[in-house]
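In: Sequence first, then the predicted structure:
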Amino acid sequence: MSQVEKTLVLFKPDAVQRGVVGEILTRFERVGLKIVGTKMIMPSREQYHKHYEDIGQMITRRGEETFNITLDLMTTGPVIAMVFEGVEAVQLVRKLVGPTEPKSAAPGTIRGDYSHMSFVYADAEHKGIPNLIHASGDDEEAAKEVAHWFSDDELYSYAALNEKFTR
């Protein structure tokens with residue numbers, strides 16, 4: 001059964017610094033996703049720790065070194081945090097973004113069109129992967145991430161024109 005969901009997207013420092021946030025944002029809006037929360041912030045390492053380990057379990061899955069390299073990359077500049085809402089929004093955003101490794105991302109996905117680094121290269125150079133976007137992995141993760149990055153009073157409910165066709 002289709003359902004309307006909320007999902008978190010972080011435009012990472014490399015997207016902000018390259019000036020491609022608007023182009024990427026357009027892709028989410030074109031498929032009918034609605035922005036219900038947005039802000040630019042410079043998160044602390046503590047906020048990222050909660051995001052990447054307490055919620056995402058990165059240390060558990062990929063190790064302390066990968067976690068620290070990721071945090072080093074994420075703290076190079078501000079991020080733009082957004083909550084999108086739409087029918088099956090979590091899976092739709094994941095499909096638009098493409099896989100985490102840019103080298104594996106197909107042309108037509110955000111990472112396939114705007115980034116290119118491989119895990120092998122990044123690991124050999126001890127660098128984070130500049131892959132532009134963080135997108136929630138599943139419904140449960142999305143709920144936790146939205147609650148971590150946004151308070152209830154920072155999320156908005158309004159009728160978008162395209163909703164008359166999706167409900």
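Out: Yes, it's here.

In: Could you check how far the residue nearest the centre of the chain is from Val20?
Out: Centroid-nearest residue in the chain: His134, 2.3 Å away (criterion: CA atoms, centre = their mean). The spacing between His134 and Val20, counted by CB to CB, to the nearest Å, is 15 Å. Every C-beta, even on glycine, is put in place using the N, C-alpha and C of the backbone.

In: on that earlier part again, can you tell me how far the residue nearest to the centre of the chain sits from Val83?
Out: For His134, the distance to Val83 - CB to CB - is 13 Å.

In: and what of Thr70?
Out: In terms of CB to CB, Thr70 sits 22 Å off from Val83.

In: These two: who's more crowded?
Out: Val83 (25 against 19; other CB atoms under 10 Å).

In: for that one, helix, strand, or coil?
Out: strand (DSSP: H, G, I helix; E, B strand; the rest coil).

In: returning to what we had before: thinking the residue nearest to the centre of the chain is in contact with Leu10, fair?
Out: Yes - His134 lies in contact with Leu10 (CB atoms under 8 Å); the separation is 3.9 Å.

In: Name the residues contacting each of His134 and Val83.
Out: Leu8, Val9 (CB atoms under 8 Å, 6 or more residues apart in numbering).

In: Spatially, what comes nearest to Ile24 if we skip its sequence neighbours?
Out: Ile110 (5.6 Å; CB to CB, 6 or more residues apart in numbering).

In: my read: the one you found touches Arg27, true?
Out: Yes - applying CB under 8 Å as the test, Ile110 and Arg27 come out as touching, 6.4 Å apart.

In: neighbour count winner among those two?
Out: More crowded of Ile110 and Arg27, by other CB under 10 Å: Ile110, with 24 against 16.

In: Show me which positions of stretch 97-115 end up buried.
Out: 97-98, 101-103, 105, 109-115 (16 or more other CB atoms under 10 Å).

In: Kindly report the same for stretch 44-59.
Out: Buried, per 16+ other CB under 10 Å, within stretch 44-59: Tyr48, His49, Lys50, His51, Tyr52, Glu53, Ile55, Gly56, Met58, Ile59.

In: I'd like those residues laid out as JSON lines, including secondary structure and pLDDT.
Out: What follows is those, written out as JSON lines (DSSP: H, G, I helix; E, B strand; the rest coil; pLDDT from 0 to 100):
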{"residue": "Tyr48", "secondary structure": "helix", "pLDDT": "92"}
{"residue": "His49", "secondary structure": "helix", "pLDDT": "90"}
{"residue": "Lys50", "secondary structure": "helix", "pLDDT": "91"}
{"residue": "His51", "secondary structure": "helix", "pLDDT": "92"}
{"residue": "Tyr52", "secondary structure": "helix", "pLDDT": "89"}
{"residue": "Glu53", "secondary structure": "helix", "pLDDT": "86"}
{"residue": "Ile55", "secondary structure": "helix", "pLDDT": "90"}
{"residue": "Gly56", "secondary structure": "coil", "pLDDT": "84"}
{"residue": "Met58", "secondary structure": "helix", "pLDDT": "84"}
{"residue": "Ile59", "secondary structure": "helix", "pLDDT": "84"}
